[in-house]
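[1] Please find the sequence and the predicted model below.
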Amino acid sequence: MSSIQTLRKVLLQNTTGEYIDLDAPHWALEPYIPLLPDALLERLLERDECTADQQAGYRQFARTLAAVLHHDGRAAQTELSHHYASLDPDNETLREQDQPLGDTVNPAAAAATESIRSSLLAANFTPLSQEEIEAAVGVASHWGVPLHVDFELFRQLAVYTRGDVIGVRTMRPWNRPWRNEAVEVPIYQRVVVLFQLNADCRTEDELDANRLHLRLFKNIPKLDVDMLLPGTRVRISWLDRTRIVVPSLGGIGMTIWKIVRTALLVAALSVYTATILVGLVLAAVGYIVRSVLNYFQTRNRYMLNLTRSLYYQKLDSNAGVLYRLLEEAHQQRQCEVLVAHYAMLTSDQPISRRRLKRRAERMLREILAQEIEFDIDETLQRMLRLDLCSETPAGKFQAATVEQAITSLNAWWDSQPLAV
């Protein structure tokens, strides 16, 4: 392994004990662009398709675009914050008395959920279906814990993922426990869990059913998604059940045989040996108590492994997740507009929607060495609304020049009403 590869793996290694190569293979195409807007801009300008003056103008265009998109999304951000304030479990401000919950999601929770869903999609997360969530229940990776999930607990439940890649973790194989081996494991680089509990359901951590809970995790094996859900119960493996039950049954069987044999001796010899019989009975009770304690110790060990794993993989919760998503959505919109505008600007002629999508994806593939499913439709709608491009009668698109684009953005900014 070269020193560059070694350094890259060391830099990407994290507290959960795995690393992800920069060129880690993906299971499916995703729309997420894994670059900050400033880094993406520099990668685009490094293609040497613009003059020095054009590059300076393009940097000014990028700064103006960032300010406009941030202001454009502020109204939606304010509305979402307003909706979520009364549903945030960590809100410290005074709020109205909670109304009794019915059988359905209340309007405030429904509005907040829809706004959060829009932010997740804008940040290029992908929702998991109910079947995909249930497929992870009861199974676990080498680093996870097999669990039982009661879906009747949830008034609403949604899981969103991003970064469906192959990571690398270390483990000790059963046949060579003295050495660590690196194994590939399919993971989600980011997982967001959104849920609200039913009014009559209770969990061990006493979560409030009136609130809308958000959780953000990193680098979760695909088989361990169920570990992120509340109200789970540990499933003791058959191996652990055998370790608990078999020794206890053997001990109880031997004790019963000794009791029978001693009872016969008592009847034949003397009543004083009845004390031996009592001792054997107490021994049988002790075996039963020991079996129960072993069960609880095993369950606690599973829960400790679960808590220890999630401690390092949890990134944020509730409002913290919300604000992080809003910022990531803003960055993704900016990256998408930059790529689409640059692809149109460096094209020799007006370009069709289909060709623009392919051209943008090819540019990202050359920049990132990774396939990206570019979201062309929403990007073009946003650019047309900001007058950053125009559509010809033939249904093709042509980018505004850098100077025209900056003028259009400034005009849009001037047309916005003053904040009161």
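    The structure has been received and is ready for your questions. Numbers count the residues shown, from 1 in each chain.
[2] Report the secondary structure state of the closest residue to I376 other than its chain neighbours.
    Nearest non-adjacent residue to I376, counting by CB to CB, 6 or more residues apart in numbering: K357, 4.2 Å away. C-beta here means a position set from N, CA and C on the backbone, and glycine is covered the same way. K357 carries the three-state label helix when classified by DSSP: H, G, I helix; E, B strand; the rest coil.
[3] Please determine how far K357 is located from V68.
    Computed as CB to CB, to the nearest Å, the K357 to V68 distance reads 23 Å.
[4] what do you get for L388?
    L388 is 10 Å from V68, where distance means CB to CB.
[5] do E328 as well
    Distance of E328 to V68, computed by CB to CB: 18 Å.
[6] before we move on, what about E30?
    Distance, E30 to V68, using CB to CB: 26 Å.
[7] Show me which of L388 and V68 is the more surrounded one.
    Shown here are L388 and V68; by other CB atoms under 10 Å, L388 has more neighbours (26 against 20).
[8] That one and E336 touch, don't they?
    No - using CB atoms under 8 Å, L388 makes no contact with E336, being 11.6 Å away.
[9] Show the pLDDT at the residue nearest to I376.
    According to the prediction, K357 has pLDDT 95.
[10] who does the one helix or strand M383 maps to touch, helix- and strand-wise?
    Per DSSP states H and E, M383 falls inside helix 376-385. Under the contact definition 3 or more CB pairs under 8 Å, 6 or more residues apart in numbering; DSSP states H and E, helix 376-385 sits against helix 319-345, helix 353-368, strand 389-391.
[11] any idea which of those is most buried?
    The highest mean neighbour count among these, using mean count of other CB atoms under 10 Å, belongs to helix 319-345: a mean of 21.
[12] tell me the mean pLDDT over that helix?
    Helix 319-345 comes out at a mean pLDDT of 94.
[13] Taking helix 376-385 as reference, get the angle to that helix.
    Interaxial angle of helix 319-345 relative to helix 376-385 (axes from the mean of the first three to the mean of the last three CA atoms, to 10 degrees): 80 degrees.
[14] coming back round to it: who wins for proximity to L45 among the helices and strands packed on helix 376-385?
    With CB to CB as the criterion, L45 lies closest to helix 319-345 of those, at 8.8 Å.
[15] What is the burial count for T93?
    Residues within reach of T93, counting by other CB under 10 Å, total 7.
[16] quick one: the closest residue to it other than its chain neighbours from E79, how far?
    When the adjacent residues along the chain are set aside, T93 lies closest to A85, with 7.3 Å between them (CB to CB, 6+ apart). Distance, A85 to E79, using CB to CB: 11 Å.
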